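[1] Need the 3D shape of this:
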Amino acid sequence: MIYHKKGRHLKRNPVKKTAALLLAALLAISGLPQRAEAAGGSAKTGGSAKTGGSAKTGGSAETGSGAETGNRAKSGSSARSGSGVETGSGAKAGSGAKAGSSAKAGGSTRGAALGSGVLREASEHAQTMIRMEKDPDAPEAKRDFGYTEADARAAAEALYCFETNAIKKEVDISYLMSCIWYERERVMLEEKKQHVLTLYEGPAEHYTRAYLEVLSGLLFFSTPNVLFLTEPNGALLVCVETEGRFTEEEAANHYRTVQKALAVIEEVKRRTEGKSEAGRAKDISDYVADRLSYDKTFVRNSLEDALQSGVTACVGYNALTGLLFGHSGIPYVSVVADTKDDSMEHIFGMGKIDGVWRIFDTSNYDRETGREAEWIFSDFLQEGAYYKDFRLVEEEAQGPESDLSHLRLIPEEPKQSK
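    I've put the predicted structure just below:
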C-alpha cells in the first residue's frame, strides 16, 4: 500500500559517527510552505552552554544526524490496503547529535543537534509517497521469554500511571507496547528492504501529540529515524526504522528495561517520601547526576541508555528526570533550544515547584568538575545567556494563564488538503 509521509522528514546516517545539523522542512499538505519544527525521534542532544568547568562535550561543533535533509520519496509495495494520495515530507527523526565545544567564557557548550532537528524554511512543495509491506520473513512469536502480554501491558500502565492527559498516555503506551511486546504484524519493510517497526496507529488528530512524544525521546532508540505517515483512510501511522529486523528477543530486553525503570522509580519515591516539592526535585536532580555520566560521543542518548549503561547525552538525562518528576507528583515539561554560538540543539525540562515553573537542566547540572547549582531551580535568564529560540514540547503547559505562554509550541499543526 502507498502511504504519504505526513509532515516532516529527518534522516540520520547510522554509520556516520559525527553528524551535520539537519535541515528539515515541514511542507503543508495543502501545498504551501509552512514554518514549523522538523520533528522526529528522540531529541538527541548535547548539553548546554557553560561558563567555566570542563565540558562534557565532543570536540568540533558538528551537529545533526547524518545529513540527509528535506524529503525523501520512497516507492515499493505495501501490505496495507488502499491507495490514497496525500502529501507531506515525512518525519524521520534522527538524533545522534554530535556536538562539540563552543567557547563560552572559557568554558564549553553542551549542545548537539536534536534528533528532531530544527525546522529551517520550507522552500518547495513536494508530494512524497512511501510503499511498505509486512515483512514476510518476520518470525512468528514464540512467547517463551517469561512474561505475557498482560504483564507487558501492566508494566506500560505502571510506567505512565501519573499521566493525566489521556491522548498522551495512549500514545506513550502504544509506543511502549510496540517495543516490549512482539507482534509480527508490526514488523514492516520499506523500499530497499529498510526494516521498520510500527509504533502507533490512530486518528489523524493525534498527530501533534504523537509528534511531541517522539521529539521528547523514544525510550529504546538512541538515534532513530521516525516516519509519520498518512494511511489511505486518513489515519496516522507512526513507524521507526530499525537497523535490522525487530525481534522478540529485543522486545524482551526492552521489557526488562521497563522493569528496571519501575524499580528505579520505587527507589526514588522511597528516598523522597514526605519531602516538599522543592526537596523532591532537588533529590531527583542529585539522583540523576549521581547515576549518569555524559556521553561525549552522543551515540548513547535515550532512557534505555540511561538505565542500562548510565551513559547518555541530554535526551537520556531529560527523559529520566521527567519520569522521576512525574512519579513524584511534580508537573514536568520538556523544552528545546539552540546554543547561541553554534545553533546546536539541547533538551531540558521544567518542573512546576510550588506553582512556579523552574528549569531543571540536569545534563548541565552534572559536570565532570562537580554539580553546578545554577542549572536547577533556574529560569530563562540563566538558560538565555547561552541558548536561544526556546520551544515548548508540551501543549498542555501553554495557555493564557500559563507563565510559559511566551514559549513557542512545537510543532505547528500541518494544514490538511482540501
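
[2] helix, strand or coil for residue 244?
    In three-state terms, and counting by DSSP: H, G, I helix; E, B strand; the rest coil, residue 244 is coil.

[3] ugh, wrong one, I meant residue 189
    strand.

[4] Mind checking the pLDDT average for stretch 323-340?
    Regarding stretch 323-340, the rounded mean pLDDT is 93.

[5] Could you check how far the nearest residue to residue 146 once chain neighbours are set aside is from residue 175?
    Using C-beta to C-beta, 6 or more residues apart in numbering and skipping residues adjacent in sequence, the residue nearest residue 146 is residue 252, 7.8 Å away. The way it works is simple: take the backbone N, C-alpha and C, and place the C-beta from them, glycine included. Residue 252 is 17 Å from residue 175, where distance means C-beta to C-beta, to the nearest Å.

[6] Neighbour count for these two, which is higher?
    residue 175 (22 against 18; other C-beta atoms under 10 Å).

[7] contacting residues for that one?
    Counting by C-beta atoms under 8 Å, 6 or more residues apart in numbering, residue 175 touches 199-200, 213, 218-219, 238.

[8] Grab the nearest non-local neighbour of residue 251.
    residue 182 (4.1 Å).

[9] Wait, a helix at the one you found?
    No - under three-state DSSP, residue 182 falls outside any helix and is assigned coil.

[10] Same question for the helix or strand hosting residue 177: list its buried residues.
    Here residue 177 sits within helix 166-180, counting by DSSP states H and E. Buried positions in helix 166-180, judged by neighbour count with 16 or more other C-beta atoms under 10 Å: 167-180.

[11] Next, residue 285: secondary structure please.
    Residue 285 ends up helix, using three-state DSSP.

[12] how much space is there between the closest residue to it other than its chain neighbours and residue 325?
    Counting by C-beta to C-beta, 6+ apart, residue 285 lies nearest to residue 376, which is 4.9 Å off, once chain neighbours are set aside. To residue 325, residue 376 is 12 Å away according to C-beta to C-beta.

[13] what do these two both touch?
    281, 360.

[14] can you give me the angle the biggest helix by length in the chain makes with helix 166-180?
    Longest helix in the chain by number of residues (criterion: DSSP state H): helix 248-272. Going by axes from the mean of the first three to the mean of the last three C-alpha atoms, to 10 degrees, helix 248-272 is angled at 130 degrees with respect to helix 166-180.

[15] tell me which element residue 320 falls in.
    Per DSSP H and E: helix 314-327 holds residue 320.

[16] Report the inter-axis angle for that helix versus helix 248-272.
    Using the same axes, to 10 degrees, helix 314-327 lies at 60 degrees relative to helix 248-272.
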